[in-house]
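Asker: Sequence and predicted structure below; questions after.
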Amino acid sequence: MLKDMFSKKKKRYATIPSERAKIEVPEGLMTKCPSCRTIMYTKDLKKNLSVCRTCGHHHRMGAWERIEALIDEGTFQEIDADVIGGNPLAFPDYEKKLEADRKKTGLNEACVSGVGELNGHPVVLAVMDPQFRMASMGAAVGEKLTRAIEKAIELKHPLIIVAASGGARMQEGMISLMQMAKTSAALEKLDRTGGLFISVMTHPTTGGVSASFASLGDYNFAEPKALVGFAGRRIIEQTIREELPEDFQTAEFLLEHGQLDRVIPRLEMKDTLTTVLAIHQ
Ligand SMILES: [Zn+2]
């Protein structure tokens, strides 16, 4: 119809323009839940292990925050804190980026590892931190994980790795990809000595990390709605020329298809791990 051509376009109102929300919410003091948009005290959110009290959304968690949530107070001893990455391929500006992330996170690299107790059970724990280079697996991360695995073999302690990763560290090219084989080979050794490995995948665990050690657990667990997968949705859709289901690559989807043993809410994680450790004691 002719009159339709002149009808006014419906105005669309965004709920809160994110730019304005940023200005109104003092940084650090308040956090806005990306899922339900509730604005809450950051302190209160952290008290609840960074799980939204309104909708249950699992916010991103730093490595030390995670260690605090899992390990008994005063029992954690960090290992290999001095293992740091270089710039093996002389990739432009890579050192600057590493330095900036070190300053931002207070971490040397995207992984913190150590020995501690989980409800009284001695464990070796390695945690990846997505705030550092998206926890991509460069040589230093691969080395720290491998040493953690070897430590578990040496001490005969169960090993828990909390994975999160954007995948390979692109600035380290082939050297980054080699870490997949290196960590997997170390886990094979752990397996042969009868060691226990529990893999906990958090949002997001993708690329070479999901395709190597993170999927090799005696138990493979994930947090609710965590994105776990190898290649991105768009690449797969373009390759197979098919539309993928909405929940593709979520923890729940993988559980349903037999690739995970359980999806465990963060607030139940420590208790569930305790049960598993007690069974294998
Ligand atoms: Zn929420």
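Answerer: Sure, I can see it.
Asker: Could you list the contact residues of this structure toward the ion?
Answerer: Taking C-beta under 5 Å from the ion as the test, the list of the chain residues beside the ion reads 33, 35-36, 52, 54-55, 57. Backbone N, C-alpha and C define where each C-beta goes, glycine included.
Asker: Pick out whichever of those residues sits closest to Arg234.
Answerer: Nearest to Arg234 among the residues of the chain next to the ion is Ser35, at 22.3 Å by C-beta to C-beta.
Asker: show me what contacts the closest one?
Answerer: Neighbouring residues of Ser35 by C-beta atoms under 8 Å, 6 or more residues apart in numbering: 52, 55, 57.
Asker: And for His58?
Answerer: Counted by C-beta under 8 Å, 6+ apart, His58 has contacts 50-52, 202-203, 223-226, 265-266.
Asker: just the buried members of those residues?
Answerer: With neighbours counted by 16 or more other C-beta atoms under 10 Å, those contain buried members at 50-52, 202-203, 223-226, 266.
Asker: which element is Val127 on?
Answerer: Using DSSP states H and E, Val127 sits in strand 121-128.
Asker: what comes up buried for that strand?
Answerer: Of the residues in strand 121-128, those with enough neighbours to count as buried (16+ other C-beta under 10 Å) are 121, 123-128.
Asker: Share the number of residues neighbouring Gly258, please.
Answerer: A count of nearby residues for Gly258, using other C-beta atoms under 10 Å, gives 7.
Asker: can you put the contacts of Ser35 in CSV and add secondary structure?
Answerer: Formatted as CSV, the contacts of Ser35 follow (DSSP: H, G, I helix; E, B strand; the rest coil):
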residue, secondary structure
Cys52, coil
Cys55, coil
His57, coil
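Asker: export those to TSV and tack on pLDDT?
Answerer: Compiled in TSV, the contacts of Ser35 are given as follows (pLDDT from 0 to 100):
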residue	pLDDT
Cys52	97
Cys55	97
His57	97
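Asker: and of these, the nearest to Tyr41?
Answerer: Within those, distances to Tyr41 taken as C-beta to C-beta reach their minimum at Cys52, with 12.0 Å.
Asker: Report the contact partners of that closest one.
Answerer: Going by C-beta under 8 Å, 6+ apart, Cys52 touches 33, 35-36, 38, 40, 45, 58-59.
Asker: Please list only the buried members of those residues.
Answerer: The neighbour-count test (16+ other C-beta under 10 Å) applied to the contacts of Cys52 identifies 33, 40, 45, 58-59 as buried.
Asker: Among those residues, give me the pair with the biggest separation.
Answerer: For the buried ones among the contacts of Cys52, with distances taken as C-beta to C-beta, the pair at the greatest spread is Met40 and His58 (14.1 Å).
Asker: before we move on, back to that, among the contacts of His58, name the ones in strands.
Answerer: Using DSSP state E, the members of those that fall within strands are 202-203.
Asker: For stretch 142-156, which outside residues touch it?
Answerer: Counting by C-beta under 8 Å, 6+ apart, stretch 142-156 makes contact with 79-80, 83, 109, 111, 113, 115, 122, 124-126, 137, 157-159, 161, 176, 178-179, 182-183, 186-187, 189-190, 193, 195, 197, 213, all of which sit outside it.
Asker: Any quick PyMOL command for the buried ones out of those residues?
Answerer: In PyMOL, this line selects whichever of those come out buried by 16+ other C-beta under 10 Å:
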select buried, resi 79+80+83+109+111+113+115+124+125+126+137+157+158+159+161+176+179+182+183+186+187+190+195+197+213
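Asker: Identify those among the contacts of stretch 142-156 that sit within helices.
Answerer: 176, 178-179, 182-183, 186-187, 189-190 (DSSP state H).
Asker: thinking again about what came up before, which one of the contacts of His58 is nearest the ion?
Answerer: Nearest to the ion among these, counting by C-beta to the ion, is Cys52 at 3.1 Å.
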